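Chemist: Kindly generate the corresponding structure for this input.
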Amino acid sequence: MNNPETAIPSRAPAATTADDTVMPFEVAALDLRGRVVRLGPVVDEILERHNYPQPVAKLLGEAVVLAVMLGSALKIEGRFILQTQTDGPVGLLVVDFTTPGQVRACARFGKDGVAAAIAAGKTDAGALLGRGHLAMTIDQGADSSRYQGLVALDGGTLEDAAHEYFLRSEQIPTRVRLAVAEELRAENGGARHRWRAGGIMLQFLPKSPERARLADLHPGDAPEGVEPHTVAEDDAWVQGRALLETVEDVELIDPDVSSERLVYRLFHEPGVRVFRTTDVRAECSCSRDSVEAMLKSFSQEDRDHMVEDGKISVTCEFCSANYVFAPGDVDATQTEG
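Modeler: You can find the predicted model right below:
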């Protein structure tokens, strides 16, 4: 899932990083590759637009970082869609990433369930999501088949799900760190609230297949006495993973800690090479034409049932744009908001 990338000539790490970027990097001595995601205005725009309860917004922010991290690594033009469907208070998360850097996102949740979780102090990802699955879909357009990978969500985090996905579906040792936080800064005599988010992914991609071997999946209900197959982890991966585990959340979201400084702190001893960043923007792909086409896919009877107060009104869940149609005339449209 790696794009052709342009390496930056050797120099001291940059002191600052532009927000809303993805920076690939490589630690050749350890056969490691990775990506650092930094989101400022993009994640703030998405989360502020919806005005979700704080724990829901934070969880959706993590999903946005993960989708940007994975979607920006695609070699092809198309869409990467990350979606959770679970039985917890937050029943649905959807992040739609279009290459090279367009993202939109939304969530569905039970107000009473989320309020109860907040009152009980159970607002971690596992408690909010519950059990279900995480789907990751690659859509290259009408002329190509979709690819979809599924991984179970069983009370764990999105980081846990990403690790499980790469282990089962791609057989690549992978570690992911995600962080989302609220920032308050003095502005015009008051305090300005903003969301920030960031993440880092590290993968072990040795050239030798023997070094890339992984243990078999757990045998489950195997007869008593059957020992699970184990494989000693490669020293390079053990070292890289240990270094990644030293990363603190603040390092992923602090605008004063650049992506280059972060990877230099982690991997300066073996040596690290960074590549040119990709920009990310918050943008919805909805339009009057696409909504009209969607309405045309329904029968006239179904459209008649959609009429309220003499009009058909469709609101985009991603950006809240409202499209109004006259009954029986889906070609006549106007946009509100």
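
Chemist: my guess is residue 203 is in a strand, correct?
Modeler: Yes: assessed with DSSP: H, G, I helix; E, B strand; the rest coil, residue 203 lies in a strand.

Chemist: now it, nearest residue through space, not along the chain?
Modeler: In this structure, residue 203 finds its nearest non-sequential neighbour in residue 174, 4.9 Å apart by CB to CB, 6 or more residues apart in numbering. (Each C-beta comes from the backbone N, C-alpha and C, glycine too.)

Chemist: Roughly how far does the one you found sit from residue 48?
Modeler: Residue 174 is 31 Å from residue 48, where distance means CB to CB, to the nearest Å.

Chemist: now do residue 307
Modeler: 32 Å.

Chemist: How about the contacts made by residue 66?
Modeler: Shown in contact with residue 66 (CB atoms under 8 Å, 6 or more residues apart in numbering): 82, 95, 158, 162, 176, 178, 199.

Chemist: cutoff 10 Å now
Modeler: 37, 82, 93, 95, 97, 134, 136, 158-159, 161-162, 176, 178, 199, 201 (CB atoms under 10 Å, 6 or more residues apart in numbering).

Chemist: where's residue 5, which helix or strand?
Modeler: If you go by DSSP states H and E, residue 5 is not part of any helix or strand.

Chemist: what sits against it?
Modeler: With CB under 10 Å, 6+ apart, residue 5 has these contacts: 23-26, 33, 73, 273-278.

Chemist: Quick check: it vs residue 281, distance?
Modeler: 20 Å.

Chemist: swap in residue 23?
Modeler: Distance, residue 23 to residue 281, using CB to CB: 16 Å.

Chemist: out of these two, which sits in the busier spot?
Modeler: Shown here are residue 23 and residue 281; by other CB atoms under 10 Å, residue 23 has more neighbours (26 against 12).

Chemist: ok but the more buried one is inside a helix, no?
Modeler: No: counting by three-state DSSP, residue 23 is not found in a helix; it is strand.

Chemist: quick one on the thing from earlier: point out the ones among the contacts of residue 66 that are inside strands.
Modeler: 37, 82, 93, 95, 97, 134, 136, 176, 178, 199, 201 (DSSP state E).

Chemist: doesn't residue 67 make contact with the third one?
Modeler: Read that as residue 93. Yes: applying CB atoms under 10 Å, one finds residue 93 in contact with residue 67, separated by 9.5 Å.

Chemist: can you list the weak-confidence ranges in this structure?
Modeler: 1-4, 15, 209-231, 329, 331-337 (pLDDT under 70).

Chemist: Quickly list the domain ranges of it.
Modeler: 21-221+231-282, 288-336 (automatic domain parsing).

Chemist: Tell me how far the shortest one lies from the chain's centre.
Modeler: Right, domain 288-336. 30 Å (CA atoms, centre = their mean, to the nearest Å).

Chemist: repeat for stretch 35-43
Modeler: Relative to its chain's centre, stretch 35-43 lies at 10 Å (CA atoms, centre = their mean).

Chemist: same thing with stretch 167-180?
Modeler: Worked out by CA atoms, centre = their mean, stretch 167-180 lies 12 Å from the chain centre.

Chemist: Equivalent analysis for stretch 273-282, please.
Modeler: The answer for stretch 273-282 is 15 Å, by CA atoms, centre = their mean.

Chemist: Same question for stretch 118-136.
Modeler: 16 Å.

Chemist: What is the end-to-end distance of that stretch?
Modeler: 28 Å (CA to CA, to the nearest Å).

Chemist: What residues sit buried inside that stretch?
Modeler: For stretch 118-136, a neighbour-count test (16 or more other CB atoms under 10 Å) marks 118, 123, 125-130, 132, 134-136 as buried.

Chemist: Now do residue 89 against residue 165, distance only.
Modeler: According to CB to CB, residue 89 and residue 165 sit 23 Å apart.

Chemist: who's more crowded, the two?
Modeler: residue 89 (25 against 21).

Chemist: Distance check, that one against residue 191.
Modeler: For residue 89, the distance to residue 191 - CB to CB - is 29 Å.

Chemist: do residue 97 as well
Modeler: 32 Å.

Chemist: ok, these two, which is more surrounded?
Modeler: More neighbours surround residue 97 than the other of residue 97 and residue 191, with 25 against 10 (other CB under 10 Å).

Chemist: For beta bridges, what are the partners of the more buried one?
Modeler: Legend: beta-bridge partners of residue 97 under DSSP bridges are residue 80, residue 103.

Chemist: Who are the contact partners of it?
Modeler: 64, 66-72, 74, 78-82, 103-105, 280.

Chemist: just residue 159 next, same as before
Modeler: Per CB under 10 Å, 6+ apart, neighbours of residue 159: 62, 66, 125, 175-178, 199, 201.

Chemist: Among the residues you listed, which one is most surrounded by other residues?
Modeler: residue 199 (28 neighbours).

Chemist: Where do the helices of this structure begin and end?
Modeler: 41-50, 54-71, 111-120, 125-129, 158-165, 235-244, 249-253, 259-267, 288-296, 300-306 (DSSP state H).

Chemist: helices or strands next to the last one in the packing?
Modeler: The one in question is helix 300-306. helix 288-296, strand 312-315 (3 or more CB pairs under 10 Å, 6 or more residues apart in numbering; DSSP states H and E).
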